[in-house]
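Novice: Structural data only, the sequence is not supplied:
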């Protein structure tokens, strides 16, 4: 019975549950054996939760987080969020449930996803997020339990291409303090970008076109010609090159 009472219950649900329990027959509640009581309690919680989510709307689960604190200063250059400092329409898989057409931000400095409504910004729990989208950009959460492996570290990654190969992009933002002419401290955002290609169930970090060609050695010459004929540039447009090369490689190896 103790374990069943550890079920995760949203705070705003507790009052709703209290009302539900008041409507149950008193004899029914207190006449159970220990084992029956545990099963009865668990089913009561589950049924009440289902009723609560239907009445409150699917997005109620997204309030199961903490208020997003933000930053105590203004950035004079850049912003900590992906793509924009304003919430964008997207979707998210949270607690294995997909929520569509919600307002989200992804803080690339702290690595957290924020759900926004008219009055709140809720910092969601990373371990409950399988993936999310922001506009046309799709992210997945990777969990790396082995720090010594070649796999990317635990976090959210933008999927540039998904096929036999998988191409991932990771932006990490950091804050830097700069002394201005007015002798006031100003905060700027720096960005570092990392790329990974998953080949034969293993990830390879790609930092140059040479590394990419070496990792796809089975079609190295064909890929070199493809890059040249399509005027692709690793330095000028890494995202585009990696996505197109991965798609081309998949076609050649079918």
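Specialist: Thanks, I have the structure now. Predicted model, so just to flag it, every value in this text is computed and none were measured. Numbers count the residues shown, from 1 in each chain.
Novice: do you know how far residue 96 is from residue 66?
Specialist: Residue 96 sits 21 Å away from residue 66, taking Cβ to Cβ, to the nearest Å as the criterion. Just so you know, the C-beta spots here come from the backbone N, C-alpha and C atoms, and that holds for glycine as well.
Novice: Those two: which is more packed in?
Specialist: More neighbours surround residue 66 than the other of residue 96 and residue 66, with 10 against 7 (other Cβ atoms under 10 Å).
Novice: Test my guess that the more buried one contacts residue 121.
Specialist: No: with contact defined as Cβ atoms under 8 Å, residue 66 does not count as touching residue 121 (10.0 Å).
Novice: which residues are common contacts for those two?
Specialist: Common neighbours of residue 66 and residue 121 are not found (criterion: Cβ atoms under 8 Å, 6 or more residues apart in numbering).
Novice: Residue 214: what secondary structure?
Specialist: Under DSSP: H, G, I helix; E, B strand; the rest coil, residue 214 falls in the helix class.
Novice: Could I get the contacting residues of it?
Specialist: residue 220.
Novice: got it, and residue 188?
Specialist: Counted by Cβ under 8 Å, 6+ apart, residue 188 has contacts 75-78, 175-176, 178.
Novice: same question, residue 154
Specialist: 141-144.
Novice: phi, psi of it?
Specialist: phi -60, psi 130 (degrees, to the nearest 10).
Novice: is it fair to say residue 224 lies in a helix?
Specialist: Yes: according to three-state DSSP, residue 224 belongs to a helix.
Novice: thought it was touching residue 213?
Specialist: Yes: here residue 224 reaches residue 213: they are 6.6 Å apart, a contact under Cβ under 8 Å.
Novice: okay, the two: which has more neighbours?
Specialist: The residue with more neighbours, out of residue 224 and residue 213, is residue 213; 18 against 12, by other Cβ under 10 Å.
Novice: ok, now which ones touch that one?
Specialist: So residue 213 contacts 220, 223-224 (Cβ under 8 Å, 6+ apart).
Novice: For residue 124, see how far away it is.
Specialist: Counting by Cβ to Cβ, the gap from residue 213 to residue 124 is 39 Å.
Novice: ditto for residue 137
Specialist: For residue 137 relative to residue 124 (Cβ to Cβ), the value is 17 Å.
Novice: And residue 72, by the same measure?
Specialist: Distance from residue 72 to residue 124, by Cβ to Cβ: 21 Å.
Novice: which of those two has more neighbours?
Specialist: residue 124 (23 against 6).
Novice: check contacts around the more buried one.
Specialist: So residue 124 contacts 62, 64-65, 92, 94, 112-115 (Cβ under 8 Å, 6+ apart).
Novice: ditto for residue 142
Specialist: Contacts of residue 142 (Cβ under 8 Å, 6+ apart): 151-157, 168.
Novice: count of residues packed around residue 82?
Specialist: For residue 82, using other Cβ under 10 Å, the count is 21.
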